[in-house]
Every structure is written in structure tokens, then in C-alpha cells.
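Enquirer: sequence below, structure please.
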Amino acid sequence: MDSRSFHFVLVHGACFGAWCWYKVADLLIKGGHIVSALDMASQGINPTDADHISTLEEYNQPLTEFFTALPSHHKVILVGHSAGGINVTYTMERFPHKIAAAVFVTAVMALSGPTVNDSFKEDICLTDSLLKTFPLGEEAISYSNENYGRVPRAYVVAKDDKILSEEFQRKMIAENLPQMVYEIEGSDHSPFFSKPDQLAHTLLQIANRFLCD
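Expert: Residues are numbered from 1 along each chain as shown. Predicted coordinates:
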């Protein structure tokens, strides 16, 4: 992989699957980049029975296995959408040395405080059907300056998101300031559908910033 070719790892949000990234993945692959879009346990075509998953560790197992198998010197751009930001945070804490940058695409990002679920418990209303497929519960996901804090972060604001409002996205940004903030005008909660070209371009800008400086 030459210095201008990047490896993106794409993490879907709750009730989605790796399939949701197909437009963005196609654009990145055509540009000569490597893309790994993963199904979390029980999502997409992953065969795990959702009724047998009760913890984030179990739900995140495909991502954990992927990072465990990566060579120690190999760095990726880790991208999470929506509730996938929780998976990203969980993985940053465990594999900081393998992540060149973490990108939160209108995603849950930790606020000030010791755990992730402190960040969104009072702000994000999850439906009963979502809770059955995404094991949040009362589990507290810890993160630290030594691990999570050493990974550069970028946030992509979806300006017309009606699920995670721009106000809430800005709150997360203000309370846990990332190194870079981008905006996608006219994007709803799913920029990989509504603005795939702009999202792919933004991801490349982020990769160039953190891997080519």
C-alpha cells in the first residue's frame, strides 16, 4: 500500500449493516483505497442470533477480531456512523496503536465524563426495537486519555439530521473537542445514502491530513 492509498474500516450504526456503506465503499475502492465494511454480531449477514448477545463486547466481536488480526504496524482510518460511534470508542480504547484516526459520522461521541453511556443516556431516545438489536442497556463503556485520548478524532456533522440533531452533534463536539470538524450540507442521518460523494471526499480529506502529514 503506497503513501497515497488508505485503509478505511467502516462501522454501521444500530439497525444497519455493512451494506449501508456500499456507495461510499465503491467510491473509495475506485480511488485505489482499501475498504473493510464489517457487520457487527447479529447485524447484516452476520449469523449470530441477536437473542444471544447481551453485551457490547459480544456485539463488537467482529471488529475486535478484525483489529486483533491486523499487523501491529498497520494503521487504519476507523469510521463509525450513529450508534456505531460507541463501537469506535470501544475499539479506540483497545487498539489505539492501530488507528491513525477515528471518524465519527453524525455519531455518538463521548462527552466529558468517565463512560460513554453517561454521554447519551439523557439525550438519545432509543426505540424498543432498536434496543433489541443493539445491546446498550446500562453498560458503561470506559475510555481513557492513555488509549482513546491518543487517537486523533474527526467529526462529520450532518446538517439536516433529524435523529441526532445538529445541536446535539455540536454539544458532543464542544465537550470533547476533536482535531477536525467537517460539515455536510443537506445531509440527513444517513449521509452514505444522501451525500455519498461528499462523504467519501471528506473521508479522504481526513485520511490525507492524518496519514500524510
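
Enquirer: return the helix or strand in the protein with minimum mean pLDDT.
Expert: helix 128-133 (a mean of 44; mean pLDDT, DSSP states H and E).

Enquirer: next structured bit after it?
Expert: Downstream of helix 128-133, the next assigned helix or strand under DSSP states H and E is strand 153-158.

Enquirer: just checking, what packs against that next one?
Expert: Helices and strands touching strand 153-158, as assessed by 3 or more Cβ pairs under 8 Å, 6 or more residues apart in numbering; DSSP states H and E, comprise strand 99-105, helix 166-175, strand 180-184, helix 196-211. The way it works is simple: take the backbone N, C-alpha and C, and place the C-beta from them, glycine included.

Enquirer: ok, now which ones touch Trp154?
Expert: Trp isn't right for residue 154; it's Ala. Residues near Ala154 by Cβ atoms under 8 Å, 6 or more residues apart in numbering: Ala101, Ala102, Val103, Phe104, Pro178, Gln179, Met180, Val181, Tyr182, Ile206, Arg209, Phe210.

Enquirer: so which residue is smack in the middle of this protein?
Expert: Centroid-nearest residue in the chain, with Cα atoms, centre = their mean: Gly80, separated by 1.2 Å.

Enquirer: you'd agree it is up against Phe104?
Expert: Yes: look at Gly80 against Phe104 with Cβ atoms under 8 Å: they come within range, at 6.0 Å.

Enquirer: what is in contact with those two at once?
Expert: Val88.

Enquirer: quick one: the residue nearest to the centre of the chain is in a helix?
Expert: No: assessed with DSSP: H, G, I helix; E, B strand; the rest coil, Gly80 is strand; it does not lie in a helix.

Enquirer: which ones are touching the residue nearest to it when sequence neighbours are not counted?
Expert: Among residues not flanking Gly80 along the chain, Val88 sits closest, at 3.6 Å (Cβ to Cβ, 6 or more residues apart in numbering). If you count contacts by Cβ under 8 Å, 6+ apart, Val88 has them with Val11, Leu78, Val79, Gly80, Ala102, Phe104, Ala107.

Enquirer: any of these buried? List them.
Expert: By neighbour count, with 16 or more other Cβ atoms under 10 Å, those hold Val11, Leu78, Val79, Gly80, Ala102, Phe104, Ala107 as buried.

Enquirer: and those residues, which is closest to Ile173?
Expert: Ile173 has its nearest neighbour among the buried ones among the contacts of Val88 in Phe104, at 9.0 Å by Cβ to Cβ.

Enquirer: dig out what that closest one forms beta bridges with.
Expert: Gly80, Tyr155 (DSSP bridges).

Enquirer: any idea how far it lies from Asp49?
Expert: Going from Phe104 to Asp49 by Cβ to Cβ, to the nearest Å gives 29 Å.

Enquirer: same deal with Leu78?
Expert: 27 Å.

Enquirer: just Ala110 next, same as before
Expert: 30 Å.

Enquirer: over to Met109?
Expert: Distance from Met109 to Asp49, by Cβ to Cβ: 30 Å.

Enquirer: tell me which of these two has more neighbours.
Expert: Met109 (24 against 8; other Cβ atoms under 10 Å).

Enquirer: from memory Ile206 sits against Ile77, does it?
Expert: Yes: here Ile206 reaches Ile77: they are 6.6 Å apart, a contact under Cβ under 8 Å.
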